[in-house]
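Undergrad: Make a model of this:
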Amino acid sequence: FGLNIVTLRALAAVFGVLTLPVAYHAARVHFGRDAALITLTLLAVLPWHVMSSRWALDSNLAPFWFTLGLYTIGKALQTGGRWPLLAFIPWAVSIYAYPVMLYPVIPSSLAILLIFRRQIAPAAVFWAAGIAIAVLVDVPFMLFLVKNYLFHLEHLPFEGALPFSVPLLAATRLSQIHQPIVATIFNNLTFIISGYRDDAIWHQSRYFLPLTGAAPYLTAAGAVLLGWRWFKTGRPDVLLIVVAAAVVPVILI
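TA: Okay, the predicted model is just below:
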């Protein structure tokens, strides 16, 4: 449809809207109908989500795919059948939207497979096939990492035979960071505690701080409740595993 404002914004707008029903169904799988309705309502009015649905940035597609992964993994664990074939595919796609998703996706996936191993064992063939499909989806991205981060190659030996290109970056995002890790952690914690406020123009709404500012504290409170439920019932929780896996990269990166 050409390169213009409408086409640039349409993709984010469509995926932003689609994230709402996906979040509802994901929350319903893990917590039931009432919690799903609350989740849907909060997400619909969350200024951060409204902004990300109108901002033509590729990384804003990540919440849709990551949340869809919470749904497919939940269905795979609860329903079984052929759902394990789809379980990790949305997370594999989310990495293309925002490569930083590698940091919560990989440890979350490994922890889920380890902690739920007894539940997964009877359908191990389907789970193994699902993992293989997810890995296959990420092969182009893995080659990109090999070329740019691991070996810094001008060309891969077999690149000419591939049905897709593997771009070479002039510089990586990590190579552009020139501050001590302590400063990075301090800045990230300040950013989170202040409600993701960075003085950008789209964060200046009078409603932005009270609603978005509550998000990290609601997340922390939810994690405590999930931890307490896990402790009392002995039943592990996918969402708590994901939150735990996301804490380190959020603070460090």
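
Undergrad: Which other helices and strands does the helix or strand hosting residue 251 contact?
TA: Assessed by DSSP states H and E, residue 251 sits inside helix 238-252. If contacts are counted by 3 or more CB pairs under 8 Å, 6 or more residues apart in numbering; DSSP states H and E, helix 238-252 sits against helix 62-78, helix 102-115, helix 181-193, helix 215-233. Where you see a C-beta, it was placed from the backbone N, CA and C, and this is true even at glycine.

Undergrad: Can you tell me which of those helices is most buried?
TA: helix 62-78 (a mean of 22; mean count of other CB atoms under 10 Å).

Undergrad: would TSV of the helices and strands packed on helix 238-252 with distance to residue 165 be doable?
TA: Output for those, formatted as TSV (distance: least, CB to CB, whole Å):
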stretch	distance to residue 165
helix 62-78	22
helix 102-115	21
helix 181-193	32
helix 215-233	38
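
Undergrad: Quick check: which of these is nearest to residue 248?
TA: Residue 248 sits nearest to helix 102-115 of all those, at 7.4 Å, using CB to CB.

Undergrad: could you give the angle of that closest one to helix 62-78?
TA: With axes from the mean of the first three to the mean of the last three CA atoms, to 10 degrees defining the directions, helix 102-115 sits at 0 degrees from helix 62-78.

Undergrad: could you give the angle of helix 102-115 to helix 238-252?
TA: Going by the same axes, to 10 degrees, helix 102-115 makes 150 degrees with helix 238-252.

Undergrad: Alpha carbons of helix 102-115, as CSV, please.
TA: Provided in CSV are the C-alpha atoms of helix 102-115 (Å, rounded to 0.1, in the frame of the first residue of the first chain):
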residue,chain,number,x,y,z
LEU,A,102,15.3,-13.3,23.9
TYR,A,103,16.1,-12.6,27.5
PRO,A,104,12.7,-13.4,29.0
VAL,A,105,11.7,-16.0,26.3
ILE,A,106,14.7,-18.4,26.6
PRO,A,107,14.8,-18.7,30.4
SER,A,108,11.0,-18.8,30.7
SER,A,109,10.8,-21.5,28.1
LEU,A,110,13.5,-23.6,29.7
ALA,A,111,12.0,-23.1,33.2
ILE,A,112,8.5,-24.1,32.0
LEU,A,113,9.8,-27.3,30.4
LEU,A,114,11.8,-28.2,33.5
ILE,A,115,9.1,-27.3,36.1
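
Undergrad: From the rest of the structure, what touches the next helix or strand after that helix?
TA: Once the chain leaves helix 102-115, the next helix or strand it forms, by DSSP H and E, is helix 117-120. Under the criterion CB atoms under 8 Å, 6 or more residues apart in numbering, residues 77, 84, 113, 127 lie in contact with helix 117-120.

Undergrad: switch to 6 Å and redo it
TA: residue 127 (CB atoms under 6 Å, 6 or more residues apart in numbering).

Undergrad: for stretch 88-107, same thing?
TA: 58-59, 61-62, 65-66, 68-69, 72, 109, 130, 134, 137-138, 141, 245-246, 249.

Undergrad: If we use 7 Å, what do you get?
TA: 58-59, 61-62, 65-66, 68-69, 72, 109, 130-131, 133-134, 137-138, 141, 242, 245-246, 249, 253 (CB atoms under 7 Å, 6 or more residues apart in numbering).
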